[in-house]
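Visitor: Please find the sequence and the predicted model below.
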Amino acid sequence: MYSCTPASAAVLLETGSLCPVTTAIVGLASMMSVTEYQFAVAVAMLCGLMVGSFLNVVIYRVPRGISVARPRSFCPACKVPIRPLDNIPVLSWCLLRGRCRSCHAPISSRYLAVEVLTGIAWGMVTAWQLHGIALSVSKSLYDHIPQLAALLILVSVLVAAGGMIVDRVAS
Ligand SMILES: [Zn+2]
């Protein structure tokens, strides 16, 4: 019996009895330092949060036939444009305690959920793809970029579609 904890990995490396998870982590580390890997996943999560913020616009506007490009973000209750500082993913919703700064109308927790969900999904997809790159011997990082991009678009579309369905059921 052995566990896949990082502490036991060094011992297992010497004995050669690595579990698949540890083998994958060791393979990943040989291609990319752990710090670079974590950095890439963190950047993907931040990008996911920003994409999630845009998906909220899509979820609200597309079913109502409003352009997603213009006008800029506004409060659905009082229609006052949202200041850029009040439009920071997750942070603004938490600082404003889920209320509009102008009219204090509650802002649906769906906005927070979509941003968090998209951030997590982007981080997970990126971690999964980087994991695949580390295990692959024939492909370079650049060969994986179209697949990574396609998967990120796919999860974003799924989040947007899910958000629209939830909004429709809730209203
Ligand atoms: Zn308002």
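Guide: Now that the structure is in, tell me what you want to look at.
Visitor: Just checking, which helix or strand of the chain averages the lowest pLDDT?
Guide: helix 6-15 (a mean of 43; mean pLDDT, DSSP states H and E).
Visitor: Helices along this protein, start to end?
Guide: Here the chain has its helices, by DSSP state H, at 6-15, 20-31, 34-61, 91-95, 109-135, 141-170.
Visitor: can the ones you listed go into CSV with extra columns for mean neighbour count and distance to residue 67?
Guide: Where you see a C-beta, it was placed from the backbone N, CA and C, and this is true even at glycine. Conversion of these to CSV gives the following (neighbours: other C-beta atoms under 10 Å; distance: least, C-beta to C-beta, whole Å):
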stretch, mean neighbour count, distance to residue 67
helix 6-15, 12, 49
helix 20-31, 15, 43
helix 34-61, 18, 7
helix 91-95, 16, 23
helix 109-135, 19, 19
helix 141-170, 14, 16
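Visitor: Dump these into CSV; add distance to residue 103 as well.
Guide: CSV is the format used below for the helices of the chain (distance: least, C-beta to C-beta, whole Å):
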stretch, distance to residue 103
helix 6-15, 50
helix 20-31, 49
helix 34-61, 17
helix 91-95, 16
helix 109-135, 16
helix 141-170, 20
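Visitor: can you tell which of these is closest to residue 102?
Guide: Of all those, the one in closest proximity to residue 102, counting by C-beta to C-beta, is helix 91-95 (13.4 Å).
Visitor: interface residues of the chain facing the ion?
Guide: By the criterion of C-beta under 5 Å from the ion, the positions of the chain lying close to the ion are 75, 77-78, 100, 102-103, 105.
Visitor: of those residues, buried ones?
Guide: Taking 16 or more other C-beta atoms under 10 Å as the criterion, what is buried in the residues of the chain next to the ion is 75, 100, 102.
Visitor: Spit out the contact partners of the first one.
Guide: Remark: with contacts taken as C-beta atoms under 8 Å, 6 or more residues apart in numbering, residue 75 is in contact with 82, 100, 102-103, 105, 107.
Visitor: swap the cut-off to 10 Å and go again
Guide: Taking C-beta atoms under 10 Å, 6 or more residues apart in numbering as the criterion, residue 75 is in contact with 81-82, 86, 99-105, 107.
Visitor: Looking at these, which are in strands?
Guide: Counting by DSSP state E, those place none of their members in strands.
Visitor: Sketch out the low-pLDDT regions of this structure for me.
Guide: For the chain, applying pLDDT under 70 flags the ranges 1-34, 134-142.
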